[in-house]
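Trainee: What shape does this take:
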Amino acid sequence: MNYMLNILRAALFICLPLAAMAQDEKAVIDKVVATVGGEIILLSEIQEQLSYAKQQQANLPESYACVVLQNTIVTKLLVNQAKLDSIEVKDDEVETQLDARVERLMAYFNQDEKALQEYYGQTVVEMKDQLRNDMRNQLLSERMQAQVTGKATVTPAEVQAFFKRIPKDSLPYFNSEVEIKELVYKPVVNEAEKKKSRELAEELRKRIEDGENFAELAKKYSDDPGSGSQGGDLGWQKRGTFVPEFEATCYNLDKNQISPVIETEFGFHVIQLLERRGNLVHARHILVRCNITDEDLDLAKLKLDSIRTLVVRDTMPFSFAVKRYGDKNTQSYNNDGRVTNPRSGNTFFEGTDLDTDIFFAIEGLKENEVSEPTMFRGPDGTRFFRLIQLQSRTTPHKADLRQDYNKIQTAALEQKKAEYTEKWVLDRLRSTYLAIDPLFSDCPEIKEMLEQTN
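Mentor: Take a look at the predicted model:
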């Protein structure tokens with residue numbers, strides 16, 4: 001098995017790192033270190049990727065920059081071919097991905113945009129501007145690679161053969177894992193609190209109509225942690241981004257028009273449309289959330305208690321309870337209540353992967369048993385209750401084909417995709433211009449790549 005394939009299996013291409021944008025990485029004397037077809041690779045790109053890799057894994061060898069360059073060449077080759085094949089990435093797709101990355105960063109900083117800006121030395125708008133072209137190229141490379149590996153499949157016989165090729169003393173050891181389902185329930189706000197929130201929203205709308213500054217009122221009163229500090233500015237968003245009530249109102253406004261107060265599941269909104277370009281809208285809003293009282297929380301817990309009783313008595317299947325009572329905005333709602341591990345992408349969790357409250361909620365449960373209702377907070381501070389049903393629990397063990405078939409099948413498929421990609425890369429490089437700066441001329445990875453394409 002050649003060296004290049006090993007590298008490709010480790011990382012077919014390096015994903016765009018936001019963490020590499022910290023201020024201490026800016027002082028780079030830039031130069032072009034490689035050209036792949038019509039694409040160039042800058043020294044700053046390699047240094048940023050290398051910095052990011054070092055943050056993820058300590059004690060990387062000094063020669064790891066060669067690995068980074070090789071993977072970046074593969075990425076640029078995919079991008080170059082995607083452009084030649086006229087593969088399209090729409091502007092709204094790029095914006096959606098940028099927004100998602102910023103949202104994840106905001107979560108790390110507890111929704112404190114000022115702290116985020118101080119750490120990276122850039123505003124959110126500046127950050128997006130810097131990343132936009134790289135994000136487009138990343139989406140192009142992913143789309144091209146999906147075409148290259150789209151026909152890769154593995155049969156049960158191939159999975160067995162893949163497993164048998166692994167030396168017994170090299171079989172991975174799997175820790176205890178669990179699979180869980182959840183029913184997330186959102187407390188219902190009482191009418192008195194809803195009335196107070198609506199009245200405040202109506203008052204703010206009137207003040208705007210009377211000439212007060214929308215942005216300043218949003219900074220002072222909006223309960224939206226993401227946009228409030230930005231004067232309510234939501235940036236450019238595509239159709240389908242907002243909840244239906246908000247979207248219907250926003251898309252029916254004229255430029256600079258102020259909406260009536262509308263109600264969504266998040267509270268009451270005052271919206272102003274700033275600009276529209278086809279299916280893209282640029283709007284701002286003020287959100288007034290409804291206060292959840294202790295009485296509302298008590299009623300929610302009682303409701304979930306009664307649902308749990310029905311499930312435990314086999315009067316109501318857990319999956320049916322999720323569909324009937326679960327919060328529709330929860331990822332698990334559309335997955336029959338099954339919770340996906342964000343680290344692995346599958347439904348298996350090791351103990352360290354679980355939130356602390358879930359870990360203790362399922363401690364001592366047997367398979368198919370349901371926890372007591374527990375309260376938790378969403379990313380924006382909203383309080384929810386949930387029931388957890390334990391689906392399965394494994395004991396620590398060495399990889400076993402019967403017990404771990406899905407994981408082994410995934411590994412076998414990834415190997416085949418890597419082989420498809422390697423063959424495509426080598427074939428494509430034979431007809432694509434490739435130039436490498438002498439700075440990387442001693443890299444064994446690059447030498448092998450050049451030898452195999454000559």
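
Trainee: Please identify the helix or strand for the most centrally placed residue in the chain.
Mentor: The centroid of the chain falls nearest to A100 when counting by Cα atoms, centre = their mean (6.1 Å). Here A100 sits within helix 91-108, counting by DSSP states H and E.

Trainee: now the residue nearest to the centre of the chain: how far from K407?
Mentor: Per Cβ to Cβ, to the nearest Å, A100 is found 27 Å from K407. C-beta here means a position set from N, CA and C on the backbone, and glycine is covered the same way.

Trainee: circling back to that earlier point, helices or strands up against the following helix or strand past the helix holding A100?
Mentor: Later in the chain than helix 91-108, the nearest helix or strand by DSSP H and E is helix 113-120. Here helix 113-120 touches helix 91-108, helix 124-149, going by 3 or more Cβ pairs under 8 Å, 6 or more residues apart in numbering; DSSP states H and E.

Trainee: Helix 113-120 to helix 124-149, inter-axis angle?
Mentor: Computed by axes from the mean of the first three to the mean of the last three Cα atoms, to 10 degrees, the angle separating helix 113-120 from helix 124-149 equals 70 degrees.

Trainee: Need the per-residue pLDDT for the residue lying farthest from the centre of the chain.
Mentor: When distances to the mean C-alpha position of the chain are computed (Cα atoms, centre = their mean), the maximum falls on D210, with 41.4 Å. Among the per-residue scores, D210 holds a pLDDT of 94.

Trainee: give me phi/psi at it?
Mentor: phi -80, psi 0 (degrees, to the nearest 10).

Trainee: and after the strand or helix carrying V159, which helix or strand comes next?
Mentor: Assessed by DSSP H and E, V159 sits inside helix 156-164. Downstream of helix 156-164, the first helix or strand assigned by DSSP H and E is strand 173-174.

Trainee: Show residues contacting that following strand.
Mentor: Outside strand 173-174, the residues within contact range by Cβ atoms under 8 Å, 6 or more residues apart in numbering are T394, P396, H397, K398, A399, D404, K407.

Trainee: now the fifth one: how far from L69?
Mentor: Summarising the geometry, the distance separating A399 from L69, computed by Cβ to Cβ, is 33 Å.

Trainee: cool, the fourth one as well?
Mentor: Taking Cβ to Cβ as the measure, K398 and L69 are separated by 37 Å.

Trainee: and if you look at the second one?
Mentor: Using Cβ to Cβ, one gets 39 Å for the distance from P396 to L69.

Trainee: Compare the two and say which one has the larger neighbour count.
Mentor: Between P396 and L69, counted using other Cβ atoms under 10 Å, L69 has the larger neighbour count: 26 against 10.

Trainee: So that one sits against L43, correct?
Mentor: No. L69 is beyond contact range of L43, at 9.7 Å (criterion: Cβ atoms under 8 Å).

Trainee: between these two, what contacts are shared?
Mentor: V33.

Trainee: Quick one: distance of stretch 344-357 to the chain centre.
Mentor: With Cα atoms, centre = their mean, to the nearest Å as the basis, stretch 344-357 stands 16 Å off its chain's centre.

Trainee: Dump the C-alpha coordinates for that stretch into CSV.
Mentor: C-alpha atoms of stretch 344-357 as CSV (Å, rounded to 0.1, in the frame of the first residue of the first chain):
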residue,chain,number,x,y,z
SER,A,344,-18.8,10.8,14.9
GLY,A,345,-22.0,11.4,12.8
ASN,A,346,-23.5,8.1,14.0
THR,A,347,-25.8,7.3,16.9
PHE,A,348,-23.2,5.8,19.3
PHE,A,349,-22.0,7.7,22.3
GLU,A,350,-19.1,7.0,24.6
GLY,A,351,-19.6,8.2,28.2
THR,A,352,-17.3,11.2,27.5
ASP,A,353,-19.4,12.2,24.5
LEU,A,354,-22.6,12.6,26.5
ASP,A,355,-23.7,15.8,28.2
THR,A,356,-23.4,15.4,31.9
ASP,A,357,-27.1,15.6,32.6
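
Trainee: can you pull the buried residues of it?
Mentor: If you call a residue buried by 16 or more other Cβ atoms under 10 Å, then stretch 344-357 has these buried ones: T347, F348, F349, E350, D353, L354.

Trainee: for this protein, what are the low-confidence residue spans?
Mentor: Counting by pLDDT under 70, the chain shows low-confidence ranges at 1-29.

Trainee: domain ranges for it?
Mentor: For the chain, automatic domain parsing gives the domain ranges 3-157+403-453, 173-188+293-398, 191-288.

Trainee: could I get those as a markdown table with distance to I166?
Mentor: Output for these, formatted as a markdown table (distance: least, Cβ to Cβ, whole Å):
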| stretch | distance to I166 |
| --- | --- |
| domain 3-157+403-453 | 9 |
| domain 173-188+293-398 | 11 |
| domain 191-288 | 44 |
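
Trainee: Quick check: which of these is nearest to F163?
Mentor: For F163, the closest of the domains of the chain is domain 3-157+403-453, at 5.3 Å, according to Cβ to Cβ.
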